[in-house]
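K.L.:
Curious how this folds, go ahead:
(2 chains)
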Amino acid sequence: MAKGGYVGKILYLNLTDGSTKIIPTSDYEKWGGGHGIGSALFFDLVKDKTIDGFNPDNLVTIMTSPFSGTLTPSASGRTEVQGIGVQAYPIPWFTRSNFGGRFSGMLKFAGYDGLAIHGKADKPVWINIINDKVTIEDAKTLWGLDTHETQEEIWATVTGSKDARDWWELSAKRDGGRSTQKSAVLCIGPAGEKKNRNACLLHDAGNAAGQGGFGGVFGSKNLKAISVIGTGSVPVADPAALFATRLELQKRFGYNVDDPTLESPVPGQSLYGIIEGHPGYATLTWGASADQPARPQGCMGCFKNCRNNFASGLANGNQCVEGLYWSASGVLSEQMAATTLLDKMGINVYDVFYAHGWLHGLYKQGIVGPGKQIDSNLPWEKYNTYAFIEAFTKAIAYGTDIGKDLADGVARAAKKWGRWDIDTSSGALNMPQWGFSEHYDPRLEVEWSYGSVFGDRDINEHGVNWHVHWMPLVRGAFKQDPLLSAEALATAIAKATGQNDPKGYDYSAEGVYSDAKIEAVAWHRHYTRFWKQSLGMCDWAWPMLINYNAGEDHEGATPSFEPRLYKAVTGNDLTWEASLELGRKIWNLDKAIWVLQGRHRDQEVFTNYVYDVPTVAPYPLPVFENGAWSFGTNVGRKLDRAKFEDVKTRFYKLEEWDSTNGWPTKAGLGKLGLDNVAAELDKAGKLGVDGK
Amino acid sequence: MTPKPLSAPSEELVRHATRELGYTERLSVHKMTAGLGNAAVDVYSFPQLVNTLFGTRWDRLLAEGSKESLTWVDVDGLVAWLRDVAGDVDLADAVAVAVAGEEGFKGQIDAMTPLFQERVTQYQAVLNVDGESE
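P.N.:
The predicted structure follows:
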């Protein structure tokens, strides 16, 4: 039944026999939405959790949240994708990815809280969802098209080539619905068709679910695309309260374009936008918006609109690292074209981001090139030209030249070429855990690196990072004082999280191993599992631990606004503490799935460079040293193996896992209401020992 | 201290300084971006150095100036690289003088920008490079 943010149905599709069925959302509402429901569906529907991601029995869930399609600020447009991935190395874990845009809202307007896709079609297909009509269509004419071409072809099919501004009838029924909208399409490009482990799912111009290799999983299922359009609506328990809360949030915390509280010394600068949040700031191609006509662009219902659409049509809707894929020529239009090519080919930028520079170094050493140890006829001598990056990117997408190996993921290619151990020890190949590229420094920003190694992927959660690292770095770059002192910053974050111990945000050489830090890492896992990944709250807005547009103390919207928004949409009261406990429950369910896949404490380690190679460049973070707080430069730092092992032991005990192997225990799972999960672990001989 | 004007480079020096380098001659520079944190970039030529440090193609530095990219380079290492690898002793000495007393890396980059602009002008004159061409 549709109520309080849920539209009541989860659509299950079995591609093997073409059957569909409805799973009542009410069976799973206790998990919140998004990730929580996806994990629970996976646990219930996939009996053998040890299967490979390419196995037809792998279940891919594509979930919305109660907030999707509503006016909940920066929480309406995200879609959570889960299943056994194909990217992580050496074991592709059950994993997640997430993309923005308008797919989640459109899915709910069609009447579905999510999709669960099982099986494998015997020929290429696409799924066509028009309100309650679901058909599996032949994708013969789509196979081979890039992601943008695919969407244009589907739009022409679904809407009958109507002009984008025209009304069109969704069905022949009298009340079948009318729309001016194009369907929301999630699709794969050539990389996904070839089952690449670094293939992404792409929606609209540049919304991608990259990490995990779900593009390759779609390819293995012969699934080219999912198109959805609906004309329904989402029930909101208290629309007036939701609207009022949104307006209050925007007024207190949003960037005021007419009278900004904080402005970049260089107008419109993207990097400064990380702390003041002007529209379009997330496009990290320097000067791009000043280079040509552009307008801010955002996901459904967002109040920030952090991205840009450009007059050139290149790099539309892109944000963050995607825009930084390649810039070696120094020509902005070529940088933007390289980004666009990635999207069209359907490649996950984060797997290949560092690969071209790393391989160029090997070329310089005489290891890569024609007839060399790593045989390649790509134009390495033209590395600084667009011709190179175009050839490199297409080689990966189509599996030619060394792209044949790179299509298996950079980590596996490195292993095949005999470079993995050498180059992850030197740091030349900076993949700290599970074969994922380094994001923020794993030796320093440890709630990021610990969270990643205790999980399944690079966590990609910036809520703490913006403040502890970017604020002091950006302000310092412009010779400005930090907006908060190191002590005030650590204190404010600790207060917002509810931990109240600023030492949780001490990044000194001792602080990264403290009990307070471990509690901060656990808080981060639990918060994000519920609010970000299950409720779909966008990483570039939530948690709002601090806000530099608000007041002199810069107090942010977290933790007061999340429960208010939840109450307004669902009608249910949820305390802050209960929400974090629900996040812990979801995190524990995920951990149990990883254990069933073969996870053991001994695997949760970093590659050698994290322990052996010291940091070189300044990296401001709050540190408490010699009895005083400051923003340290943190040069010369590395993690200590023995101290990190001790961190693991204490983290496991905090989570009530068996510290000898990292497995969840009967008592710990029982407290979370996960007795059924404990029983399955016990049956597999993988239940941890209580109190050990 | 204000660096003294750079003397005009010879064609031999310019061609030597702008050549493509080998692996052991590279210079490591760190770009600081909100998407990545600190990312090491190996520089294999003077033009690539300009692009990496200032965020624009080397022969457009005059027209576009710095794009305010946050780039960190060990200044002592840069000076040594300019002197010993690129072979441009005058530029190396001038950079060393210009950045003396500058504490922040942004200030260091700002201090050396006019020197690189002046040097690029001189290099272009020698090489007859048109900075407006693609």
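
K.L.:
pLDDT value on A:Lys479, please?
P.N.:
Note for A:Lys479: predicted pLDDT of 77.

K.L.:
distance of A:Ala617 from chain B?
P.N.:
Counting by CB to the nearest CB, to the nearest Å, the gap from A:Ala617 to chain B is 4 Å. The C-beta positions use only the backbone N, C-alpha and C, and glycine is treated the same way.

K.L.:
who touches that residue in this structure?
P.N.:
When contacts are counted by CB atoms under 8 Å, 6 or more residues apart in numbering or on different chains, A:Ala617 touches A:Val635, B:His30, B:Met32, B:Asn38, B:Ala40, B:Trp72.

K.L.:
and the residue nearest the centre of chain B, what element?
P.N.:
Nearest to the mean C-alpha position of chain B, by CA atoms, centre = their mean, lies B:Val50 at 4.4 Å. Assigned by DSSP states H and E, B:Val50 belongs to helix B:46-54.

K.L.:
For A:Glu438, I want the exact helix or strand it lies within.
P.N.:
Using DSSP H and E, A:Glu438 sits in no helix or strand.

K.L.:
so what pLDDT did the closest residue to it other than its chain neighbours get?
P.N.:
Excluding its sequence neighbours, the residue lying closest to A:Glu438 (CB to CB, 6 or more residues apart in numbering or on different chains) is A:Asn430, at 4.0 Å. Confidence at A:Asn430, expressed as pLDDT, is 96.

K.L.:
Test my guess that A:Cys433 contacts A:Ser452.
P.N.:
Quick fix: residue A:433 reads Gln, not Cys. Yes. A:Gln433 is within contact range of A:Ser452, at 5.2 Å (criterion: CB atoms under 8 Å).

K.L.:
Need the residues touching each of the two.
P.N.:
Joint contacts of A:Gln433 and A:Ser452 (CB under 8 Å, 6+ apart) are A:Pro442, A:Asp458.

K.L.:
Of the contacts of A:Ala617, which qualify as buried by neighbour count?
P.N.:
Buried members of the contacts of A:Ala617, counted by 16 or more other CB atoms under 10 Å in any protein chain shown: B:His30, B:Met32, B:Asn38, B:Ala40, B:Trp72.

K.L.:
The third one: what's it in contact with?
P.N.:
Applying CB under 8 Å, 6+ apart, one finds that B:Asn38 lies in contact with A:Asp441, A:Thr615, A:Ala617, A:Tyr619, B:His30, B:Lys31, B:Met32, B:Trp72.

K.L.:
Need the residues that contact stretch A:1-12.
P.N.:
A:20-26, A:28-29, A:33, A:37, A:41, A:65-67, A:70, A:108, A:111-116, A:118, A:129, A:134, A:232, A:234-237, A:569-572.

K.L.:
I'd like the distance from it to the chain centre, please.
P.N.:
24 Å (CA atoms, centre = their mean, to the nearest Å).

K.L.:
how near is the residue lying closest to B:Leu127 once chain neighbours are set aside to A:Glu655?
P.N.:
Leaving aside its sequence neighbours, B:Leu127 sits nearest to B:Val14 (CB to CB, 6+ apart; 6.1 Å). Per CB to CB, to the nearest Å, B:Val14 is found 62 Å from A:Glu655.

K.L.:
Also A:Phe644?
P.N.:
Separation of A:Phe644 from A:Glu655 (CB to CB): 16 Å.

K.L.:
if we can go back for a sec, helices or strands up against the helix holding B:Val50?
P.N.:
Secondary-structure packing of helix B:46-54 (3 or more CB pairs under 8 Å, 6 or more residues apart in numbering or on different chains; DSSP states H and E): strand B:27-33, strand B:37-43, strand B:70-72, helix B:105-127.

K.L.:
Serialize the ones you listed to TSV and add fields for distance to B:Val99.
P.N.:
TSV is the format used below for these (distance: least, CB to CB, whole Å):
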stretch	distance to B:Val99
strand B:27-33	15
strand B:37-43	17
strand B:70-72	12
helix B:105-127	5
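
K.L.:
which one of the ones you listed has the lowest average pLDDT?
P.N.:
strand B:70-72 has the lowest average pLDDT among the helices and strands packed on helix B:46-54, namely a mean of 81.

K.L.:
neighbouring strands for that one, and are they parallel or not?
P.N.:
Strand B:70-72 has the following strand partners under DSSP bridges: strand B:27-33 (antiparallel).
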